[in-house]
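Undergrad: Prediction below, plus the sequence it came from.
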Amino acid sequence: MGKTAAVILAAGKGTRMGGHVHKQYLELQGKPMLYYAISAFESSSIDDIILVTGPGETEYCQKEIVERYGFTKVRSITEGGKERYHSVYEGLRSVPDCEYVLVHDGARPCITLEVIERALKGARAYHACAVGMPVKDTIKVADDNGYAKRTPDRSSLWLIQTPQAFKYELVLKAYEKLLTSESYQTGITDDAMVVETMTQEKVKLIRGDYANIKVTTPEDMEVAGVLLSRIYGRK
């Protein structure tokens, strides 16, 4: 089946969260937010985990998260770069020999084992996939003055999440091409977009979970706490 790895991103500053502690280290249900993403991948069939942190945070992650909670699949911790795509590339470069790799945001603590395994299965079947869910709300496209310009068909719209899963050589080459020119990097928001624009490979959408939210604001912390209580059976 080939070896597998996960790159978990924990390099964001979380400026919309406020405060001085980066959001991935904020406490949720008595543990740092980052703990839950690592724990899910630790329990999965993934062979190796690579953590990508902010500058100067590798030692903290090693001692306060990896060693403190006894994670055994974390093979290396590396510093990220200026933008998300720089951090992903640093993570991919640190991956041991593998055939398939999953990229996940550490700010998505409510990821479950089931979603991880579906993403991995999707990568093996399609070589490139991203988990997500069909949107529930009507979406409006706004003009430059804030007026509704267009209403796209909701049935074709998905809310994209992570993990996003790929054949390793495919996504690595896509990122290598991306970084050859700043003109390629404008508007890049996720790994699927890198593969879509830098290669001829199509990205399959795999069903994720509406609970797999990205924690961005203080209100998200409250929601994530409730969701984690359900996932881990805590009151």
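TA: Thanks, I have the structure now. Computed from a predicted model, the values in this text were never measured in an experiment.
Undergrad: Every contact and neighbour count from this point should use C-alpha atoms.
TA: Noted.
Undergrad: Buried ones in stretch 52-72, by neighbour count?
TA: 52, 53, 54, 57, 58, 61, 62, 65, 66, 71 (16 or more other Cα atoms under 10 Å).
Undergrad: Render the CA-only coordinates of the one helix or strand the first one maps to in CSV, please.
TA: Assigned by DSSP states H and E, residue 52 falls within strand 48-53. Presented in CSV, the C-alpha positions along strand 48-53 are these (Å, rounded to 0.1, in the frame of the first residue of the first chain):
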residue,chain,number,x,y,z
ASP,A,48,4.6,9.4,10.2
ILE,A,49,3.7,12.8,11.4
ILE,A,50,5.6,16.1,10.6
LEU,A,51,4.7,19.2,12.6
VAL,A,52,5.3,22.6,11.1
THR,A,53,5.6,25.4,13.7
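Undergrad: Save the buried residues of stretch 52-72 as TSV, and put in distance to residue 147 too.
TA: Below are the buried residues of stretch 52-72 laid out as TSV (distance: Cα to Cα, whole Å):
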residue	distance to residue 147
52	39
53	39
54	38
57	43
58	45
61	45
62	48
65	46
66	48
71	50
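Undergrad: May I have the longest strand anywhere in the chain as PDB, with CA atoms only?
TA: In the chain, taking DSSP state E as the definition, the longest strand is strand 158-167. Provided in PDB are the C-alpha atoms of strand 158-167 (Å, rounded to 0.1, in the frame of the first residue of the first chain):
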ATOM      1  CA  TRP A 158     -18.500  22.800  -1.400                       C
ATOM      2  CA  LEU A 159     -17.000  24.100   1.800                       C
ATOM      3  CA  ILE A 160     -13.400  22.900   1.600                       C
ATOM      4  CA  GLN A 161     -11.600  21.500   4.700                       C
ATOM      5  CA  THR A 162      -8.400  19.600   5.600                       C
ATOM      6  CA  PRO A 163      -6.900  17.100   5.400                       C
ATOM      7  CA  GLN A 164      -6.100  17.300   1.800                       C
ATOM      8  CA  ALA A 165      -4.400  14.100   0.500                       C
ATOM      9  CA  PHE A 166      -2.100  13.500  -2.400                       C
ATOM     10  CA  LYS A 167       0.400  11.200  -4.000                       C
END
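Undergrad: now for it, which elements pack on it?
TA: In terms of contacts (3 or more Cα pairs under 8 Å, 6 or more residues apart in numbering; DSSP states H and E), strand 158-167 is packed against strand 100-105, helix 113-126, strand 128-134.
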